[in-house]
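**Student:** coordinates only, sequence not included:
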């Protein structure tokens, strides 16, 4: 297929340079076992037609496994929101378009989850300032019964339904398969982030949990009417090695990418009562910006933190949380952007966290001028323990790094550059196209993935783009990219 155009995007304007320590492999403790492909399946329907994803620019797509079947949600080559399914004993995929068409940028997304009745729930963001786009099956496993619906249309903000303005939609499950839906209502720097939960017995969404009596799951992060206004960028609650749910977030103060402040943390046994690292109860209803109890690092506005792509949550060998994030260090002409880690201090003094700089980079990520160039810096993959070291992957100027830290001291053991992402097999990272396109492999894994096994959806697409309905001016396959489902193990 011929490229749509031949031009490439404007080169990055940030002067950040992530220097390498270039340690030898011998300095690295117990390298992780490589992933191997145990099965692969190109998504193809009963007529032999390959399903193809939009390749013009990156979007968030989804894969989920349930009751022996695999489900994927994606934007097809014509940008139409589509759901596909293949049962455990089926060779062909059932492909079911939902009709909604992608109209925005790389913030657009698809999210899938199942309730305890076995019904599939689908939510998508297809454009900026969009209303809720939600579908649910009325018969488990039958995509033909996916029906457009609302959730709680009676819940309003000064008379306007909250579901008229939905950003960052995310479905996730909690204790006993309990289904939650989280989204932002508002605009950058002024929004609520709201959580509903699904009552599977009644088959309705609600704002309270009758089982525990906790009310007001709505407005979990309240920033719309605060002065000044704020909006939050939280991670999905992550079940840690201790069986509890861990979550981090940062606050954004306005439309500027440089207006984020604070790295915050909370942990919960039940996704209702949340505590800080010192065990103090923060809230069972809402979090607000002026509450300092969850603060890990009180980074000021303009401190160099970028939304949730600038921070990540991981765990060490003892199951303790490790938060990695980038921010500015130094002042004036000596200011640079650096990578930091925060770990529990083991005391109830201060914030309860020990903070340590773990990089020696030069230059600065120019967020103040909204220079958010794709691939300049991304540190949203959490730390993990490998042998005696903490390992933190990151991306700088479109080049992959793996940072190895002594797990006891936090001292850098090695910072190893990679010419390509070697964390996945070459089969997954290979391109289906001849050279000449401005595209990269894109992947997403199932919620059930572990350190030793994962299910992964792969396609290829152009760069991350922001702020507007983008018409790509770079080379990409106009006929879309094949979708492939891999099973990996190590």
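**Tutor:** Sure, I can see it. These numbers were taken from a predicted model, which means no experiment stands behind them.

**Student:** Give me the residue ranges of the stretch 1-150 of the chain where confidence is low.
**Tutor:** For the stretch 1-150 of the chain, applying pLDDT under 70 flags the ranges 1-13, 20-32.

**Student:** Give me the most central residue, this structure.
**Tutor:** residue 235 (7.0 Å; Cα atoms, centre = their mean).

**Student:** Would you confirm that that one contacts residue 313?
**Tutor:** Yes. Using Cβ atoms under 8 Å, residue 235 is in contact with residue 313, at 6.0 Å. All C-beta spots, glycine's among them, are computed from the backbone N, C-alpha and C.

**Student:** list residues touching both of these two?
**Tutor:** 247-248 (Cβ atoms under 8 Å, 6 or more residues apart in numbering).

**Student:** Figure out the length between the terminal residues of stretch 461-476.
**Tutor:** Distance between the boundary residues of stretch 461-476 (Cα to Cα, to the nearest Å) amounts to 7 Å.

**Student:** pLDDT of it, averaged?
**Tutor:** Taken as a whole, stretch 461-476 carries a mean pLDDT of 84.

**Student:** wait, doesn't residue 438 sit right on residue 465?
**Tutor:** No. With contacts counted by Cβ under 8 Å, residue 438 stays clear of residue 465, the gap being 11.6 Å.

**Student:** what sits against the residue nearest to the centre of the chain?
**Tutor:** Here residue 235 is in contact with 247-249, 308, 313 (Cβ under 8 Å, 6+ apart).

**Student:** Relative to residue 265, how far out is the closest residue in space to residue 381 that isn't next to it in sequence?
**Tutor:** Excluding its sequence neighbours, the residue lying closest to residue 381 (Cβ to Cβ, 6 or more residues apart in numbering) is residue 393, at 4.7 Å. Residue 393 is 21 Å from residue 265, where distance means Cβ to Cβ, to the nearest Å.

**Student:** of the two, who's got more company?
**Tutor:** Neighbour count, other Cβ atoms under 10 Å: between residue 393 and residue 265, residue 265 has more, with 26 against 20.

**Student:** If that one is in a bridge, with which residues?
**Tutor:** residue 248 (DSSP bridges).

**Student:** Was I right to think it contacts residue 294?
**Tutor:** Yes. Here residue 265 reaches residue 294: they are 5.7 Å apart, a contact under Cβ under 8 Å.

**Student:** shared neighbours, the two?
**Tutor:** residue 276.

**Student:** my read: residue 403 touches residue 415, true?
**Tutor:** Yes. Between residue 403 and residue 415 there is a contact at 5.1 Å, judged by Cβ under 8 Å.

**Student:** tell me, what's touching these two both at once?
**Tutor:** The contact lists of residue 403 and residue 415 share residue 359, where a contact means Cβ under 8 Å, 6+ apart.

**Student:** And those two? Which one has more around it.
**Tutor:** residue 403 (25 against 22).

**Student:** measure that one to residue 327 for me?
**Tutor:** In terms of Cβ to Cβ, residue 403 sits 16 Å off from residue 327.

**Student:** so residue 104 touches residue 129, yeah?
**Tutor:** No. Between residue 104 and residue 129 there is no contact under Cβ under 8 Å: 9.2 Å.

**Student:** Tell me the secondary structure of residue 428, please.
**Tutor:** helix (DSSP: H, G, I helix; E, B strand; the rest coil).

**Student:** shouldn't it be in contact with residue 454?
**Tutor:** No. Using Cβ under 8 Å, residue 428 is not in contact with residue 454, being 10.6 Å away.

**Student:** Sketch out the strands for the stretch 1-150 of the chain, chain order is fine.
**Tutor:** Under the criterion DSSP state E, counting those that start in this stretch, the stretch 1-150 of the chain contains strands at 36-42, 52-53, 62-66, 69-75, 80-86, 94-101, 109-114, 120-125, 134-136, 147-148.

**Student:** hmm, back to that, next, show the common contact partners of residue 428 and residue 454.
**Tutor:** Common neighbours of residue 428 and residue 454 (Cβ under 8 Å, 6+ apart) are 35, 488.

**Student:** Specify the beta-bridge partners of the nearest residue to residue 451 once chain neighbours are set aside.
**Tutor:** Take residue 451 and drop its neighbours on the chain: the residue closest to it by Cβ to Cβ, 6+ apart is residue 384, 7.3 Å away. Assessed by DSSP bridges, residue 384 has beta-bridge partners residue 391.

**Student:** close enough to count as contact, residue 384 and residue 314?
**Tutor:** Yes. Between residue 384 and residue 314 there is a contact under Cβ under 8 Å: 5.4 Å.

**Student:** Please produce CSV containing the contacts of residue 235, extended by pLDDT and distance to residue 50.
**Tutor:** Listed next are the contacts of residue 235 as CSV, based on pLDDT from 0 to 100; distance: Cβ to Cβ, whole Å:
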residue, pLDDT, distance to residue 50
247, 90, 38
248, 93, 39
249, 90, 39
308, 68, 33
313, 95, 37
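
**Student:** Now render the residues you listed as TSV, adding neighbour count and distance to residue 342.
**Tutor:** TSV is the format used below for these (neighbours: other Cβ atoms under 10 Å; distance: Cβ to Cβ, whole Å):
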residue	neighbour count	distance to residue 342
247	20	14
248	24	9
249	21	14
308	19	15
313	20	10
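
**Student:** Which one of these is nearest to residue 397?
**Tutor:** Closest to residue 397 out of the contacts of residue 235 is residue 308 (20.4 Å), distances taken as Cβ to Cβ.

**Student:** number of nearby residues for the residue nearest to residue 118 when sequence neighbours are not counted?
**Tutor:** Nearest residue to residue 118, sequence neighbours excluded (Cβ to Cβ, 6+ apart): residue 140, at 3.4 Å. The local packing of residue 140 (other Cβ under 10 Å) involves 15 other residues.

**Student:** Over to residue 33?
**Tutor:** 11.

**Student:** Not counting its neighbours along the chain, what's nearest it?
**Tutor:** residue 490 (4.3 Å).

**Student:** and what of residue 42?
**Tutor:** residue 484 (5.1 Å).

**Student:** what's near enough to touch that neighbour?
**Tutor:** Per Cβ under 8 Å, 6+ apart, neighbours of residue 484: 40-43, 457-459.

**Student:** Low-confidence regions, the stretch 351-490 of the chain specifically.
**Tutor:** 370-375, 418-422, 467.

**Student:** burial of the closest residue to residue 397 other than its chain neighbours, as a residue count?
**Tutor:** Spatial nearest neighbour of residue 397, chain neighbours left out: residue 376 (6.2 Å); criterion: Cβ to Cβ, 6+ apart. Number of residues near residue 376 (other Cβ under 10 Å) recorded here: 22.

**Student:** so where's the stretch 201-350 of the chain shaky on pLDDT?
**Tutor:** Using pLDDT under 70, the stretch 201-350 of the chain drops low at 208-228, 255, 283-285, 308.

**Student:** run the last query once more with 80
**Tutor:** 207-231, 254-257, 271-272, 283-286, 288, 290, 307-309 (pLDDT under 80).

**Student:** Which parts of it are strands?
**Tutor:** Using DSSP E, counting those that start in this stretch, strands in the stretch 201-350 of the chain cover 204-206, 221-222, 231-234, 238-239, 245-252, 260-268, 274-275, 281-283, 287-288, 295-297, 311-315, 321-329, 336-344.

**Student:** Reformat these as TSV; add distance to residue 121.
**Tutor:** TSV is the format used below for the strands of the stretch 201-350 of the chain (distance: least, Cβ to Cβ, whole Å):
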stretch	distance to residue 121
strand 204-206	10
strand 221-222	22
strand 231-234	20
strand 238-239	20
strand 245-252	20
strand 260-268	22
strand 274-275	24
strand 281-283	26
strand 287-288	25
strand 295-297	32
strand 311-315	25
strand 321-329	29
strand 336-344	34
